[in-house]
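> Structure of the sequence below:
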Amino acid sequence: MEQVSRNEEELFLIQPKYDGISGKLEEGKLSTRGNGYEGSNISDKLKMIRIESNKIVDVTKDYVLGEIVITNNDFNTVYRKIKSKSGKTFKNSRNAVSGIVGNEDADFYFKQGAVLTFVDYDKNSFEIKMKEFDEKFEKIEEQINGYDYPMDGIVIKLKDKEYGDSLGRTEHHPKNQIALKFTNEQAVTKLVGIEWGMGKDNRITSVAVFDPVDIQGVTITKASISLTKRSDGGKYIVHGDIAIGDKIVVERAGMVIPYIVNIEESNPRGEIVSIEKCPFCGSDIRIDDNSVVCLNEHCFEGKVKNVTWQLTCLGIFGIGESVIRSIMKKTDIDNLYDFLMIQKKDLIGIDGIGKTMQDNIMCELAKIKCVKASLFLKALNISNLGESVSKTLLKSFNLDYILKSLTIADICGMEGIGEITSKNVIEGLNKNRERNLRLLSLFDVEEEKIEEGEKICFTGKSSYTRQEMEDKAREKGFVPVDSVSKDLNILVCADVNSTSSKMNKAKKFGIKIISEQEFFAL
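Residues are numbered from 1 along each chain as shown. Here you go, the predicted structure:
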């Protein structure tokens, strides 16, 4: 405030930072504010929206800027019975607002009695002079904290909009305003163990298990925890240095994602958590790009994860990982090609897979006889050959040439493709050329128009599948890509507090970073 004040009489507005979706009502049309210039028309949601303002609003004529939220009281009463499309109740009001506003079927929620509140930004706005800040701010803050709206902070901005706009903006925010985020609620608990998991490409994951704690009405017993690059006596240490029995401080970032913010060593110290071998097959491991990789290319758990991910790339969501694991455990299937060639008779006698499940599996597999060329390449599960690089290649080469004859010299230097990417892609293609061509023979490949538009990338563990997020992005006119580069327009983060390599890279390049909630509101 001192930096932008012209004198002690400078006027500021102090307002709640609502935890919802920004919206605009103009002459009967309600829209999200999107990127600040263009948003989505959500006028079909007006029938379930109550408007709260200091003035009587004529929906057909008036102009109102505000936030679409679900009040705390509504969420704790009305939303106990309201189900999402998946048949489950919403975990918090943020997810509910995003789910309802982003869903095209407004009647689905309207018939259940869903109600949204559109709060005029001017309704709860406190005017204060620079010289009055020390005297009045605490009382204003206390009053704001008493409101029935979901909030994650307080916004302070210059009242003189013309002067404020003249100050310009940083890469992150306008200089005429700033948000003071509320501290996330924390709880202290005790680490009781580590659960190991497996991702695609044989990457081992770790999850901390601790005594149950209640944070903002949600009981939490687990949180993701990182494996450090540092090694000690051949062991890879979890989270730098953590031991069973240590006290840990757990926080829910944005009231959604649990993570560990601090570790207090126990006395006496318990066993330091480390990993020497793959917990699933016992093979050697190595640190690779902030993760631990099992070096056994035949690791059963790794193959299950890869096939699961590849089927998802091809648009198959109806065959769960547990079913895939059961099939691969009882058969000789260990790759995507063999899985797609499965016959109904092969499923007989597998525990948990009865006649109905057998029919469902065969029906799901029958769906993918036609596939886009870029998604086929992505499903090969070759390092660095994601959808973005695939589309870049398909601008210059046909699929047959890519699979049979592509060389490093052909692609090195193309947009977004450097030496490392070129090497990984060509090595991956050469390694399984015969299998890839056999896989191709199972499909009718759909020639696709290479998309043009703003590039968008997703990072972090989401409640939605990556395919669902990318499909939604295409509906909004974006081009989904797998990696962060200088020409990326938007990075969508499941965890806005993440310090992942994608986040750090995006900040370095000055790329716009938004939450999933903001993405659905675009």
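> Just give the nearest non-adjacent residue to residue 500, would you?
Sequence neighbours aside, residue 459 is the residue nearest to residue 500 in space, at 5.8 Å (criterion: C-beta to C-beta, 6 or more residues apart in numbering). Bear in mind the C-beta positions are built from the backbone N, C-alpha and C, glycine included.
> Who are the contact partners of the closest residue to residue 330 other than its chain neighbours?
Among residues not flanking residue 330 along the chain, residue 350 sits closest, at 4.8 Å (C-beta to C-beta, 6+ apart). By C-beta atoms under 8 Å, 6 or more residues apart in numbering, the contact list for residue 350 reads 326, 327, 330, 331.
> run the last query once more with 10 Å
Residues in contact with residue 350, defined by C-beta atoms under 10 Å, 6 or more residues apart in numbering, are 323, 326, 327, 329, 330, 331, 357, 358.
> Repeat that for residue 430.
406, 407, 436.
> Low-confidence regions, the stretch 351-500 of the chain specifically.
Counting by pLDDT under 70, the stretch 351-500 of the chain shows low-confidence ranges at 415-416, 448-452, 463.
> in it, which spans are helices?
355-366, 373-378, 387-396, 399-404, 408-411, 419-431, 433-440, 466-475 (DSSP state H, counting those that start in this stretch).
> Any chance of TSV for those, columns distance to residue 113?
What follows is the helices of the stretch 351-500 of the chain, written out as TSV (distance: least, C-beta to C-beta, whole Å):
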stretch	distance to residue 113
helix 355-366	33
helix 373-378	39
helix 387-396	40
helix 399-404	50
helix 408-411	55
helix 419-431	51
helix 433-440	49
helix 466-475	26
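> Nearest to residue 313, out of these?
helix 373-378 (5.0 Å; C-beta to C-beta).
> Could I get the buried residue list for stretch 379-397?
Neighbour counts over stretch 379-397 (16 or more other C-beta atoms under 10 Å) mark 379-382, 384-394 as buried.
> Identify each buried residue in stretch 358-374, please.
358, 361, 364, 365, 368, 371, 372, 373, 374.
> and what of stretch 207-224?
Quick answer for stretch 207-224 (16+ other C-beta under 10 Å): 208, 210, 213, 215, 220, 223, 224.
> So which of these belong to strands?
208, 210, 213, 215, 220, 223, 224 (DSSP state E).
> Test my guess that the fourth one contacts residue 261.
No. Residue 215 is beyond contact range of residue 261, at 11.9 Å (criterion: C-beta atoms under 10 Å).
> ok, back up a step: quick one: the buried residues of stretch 358-374 as a markdown table, columns for distance to residue 48 too.
Output for the buried residues of stretch 358-374, formatted as a markdown table (distance: C-beta to C-beta, whole Å):
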| residue | distance to residue 48 |
| --- | --- |
| 358 | 42 |
| 361 | 39 |
| 364 | 35 |
| 365 | 40 |
| 368 | 37 |
| 371 | 39 |
| 372 | 37 |
| 373 | 42 |
| 374 | 38 |
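> now, which of the residues you listed sits nearest residue 486?
Closest to residue 486, out of all of the buried residues of stretch 358-374 and judged by C-beta to C-beta, is residue 374, at 21.4 Å.
> doesn't residue 474 make contact with the closest one?
No. Under the criterion of C-beta under 10 Å, residue 374 is not in contact with residue 474, lying 11.7 Å apart.
> Distance of residue 3 relative to residue 130?
According to C-beta to C-beta, to the nearest Å, residue 3 stands 11 Å off from residue 130.
> now do residue 43
40 Å.
> before we move on, what about residue 425?
58 Å.
> just the helices in the stretch 201-350 of the chain please.
So, for the stretch 201-350 of the chain - with DSSP H, counting those that start in this stretch - the helices run 300-313, 321-330, 336-340.
> Quick one: neighbours of residue 499, just the number.
If you count neighbours by other C-beta atoms under 10 Å, residue 499 ends up with 9.
> now the one 3 residues further on
Other residues within reach of residue 502, judged by other C-beta under 10 Å, total 20.
> same thing with residue 180?
With other C-beta under 10 Å as criterion, residue 180 counts 12.
> Next, it: phi, psi?
phi -100, psi 110 (degrees, to the nearest 10).
> Distance of it relative to residue 140?
Counting by C-beta to C-beta - residue 180 and residue 140 are separated by 12 Å.
> Could you check which of residue 425 and residue 130 is surrounded by more residues?
Comparing residue 425 with residue 130 by other C-beta under 10 Å, the one with more neighbours is residue 425, at 25 against 16.
> quick one: the nearest residue to that one once chain neighbours are set aside and residue 340, what's the gap?
Nearest non-adjacent residue to residue 425, counting by C-beta to C-beta, 6+ apart: residue 385, 5.0 Å away. As judged by C-beta to C-beta, residue 385 and residue 340 stand 19 Å apart.
> quick one: least confident helix or strand in the chain?
Among the helical and strand segments of the chain, the one scoring lowest on mean pLDDT, DSSP states H and E is strand 227-232, with a mean of 57.
> got the helices of the stretch 201-350 of the chain as CSV, with mean neighbour count columns?
As requested, these are exported to CSV (neighbours: other C-beta atoms under 10 Å):
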stretch, mean neighbour count
helix 300-313, 21
helix 321-330, 16
helix 336-340, 20
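> And those: which comes nearest residue 292?
Using C-beta to C-beta, these put helix 300-313 closest to residue 292, at 12.0 Å.
> avg pLDDT for that closest one?
When pLDDT is averaged over helix 300-313, the result is 91.
> looking just at contacts, which helices and strands does it meet?
When contacts are defined as 3 or more C-beta pairs under 10 Å, 6 or more residues apart in numbering; DSSP states H and E, helix 300-313 sits against strand 186-198, strand 203-215, strand 291-294, helix 321-330, helix 336-340, helix 373-378, helix 466-475.
> CA atoms of it as CSV?
This file holds the C-alpha atoms of helix 300-313, laid out as CSV (Å, rounded to 0.1, in the frame of the first residue of the first chain):
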residue,chain,number,x,y,z
PHE,A,300,5.1,-56.7,-13.4
GLU,A,301,3.7,-53.6,-11.5
GLY,A,302,5.4,-51.3,-14.0
LYS,A,303,3.8,-53.2,-16.9
VAL,A,304,0.3,-53.0,-15.3
LYS,A,305,0.7,-49.2,-14.9
ASN,A,306,1.9,-48.8,-18.5
VAL,A,307,-0.9,-50.8,-20.0
THR,A,308,-3.4,-48.9,-17.9
TRP,A,309,-2.0,-45.6,-19.0
GLN,A,310,-1.8,-46.6,-22.7
LEU,A,311,-5.5,-47.7,-22.7
THR,A,312,-6.4,-44.3,-21.2
CYS,A,313,-4.5,-42.6,-24.0
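> how far is that helix from where the chain is centred?
Centre-to-centre, helix 300-313 and its host chain are 20 Å apart (C-alpha atoms, centre = their mean, to the nearest Å).
> tilt between that helix and helix 387-396?
Helix 300-313 runs at 60 degrees relative to helix 387-396, counting by axes from the mean of the first three to the mean of the last three C-alpha atoms, to 10 degrees.
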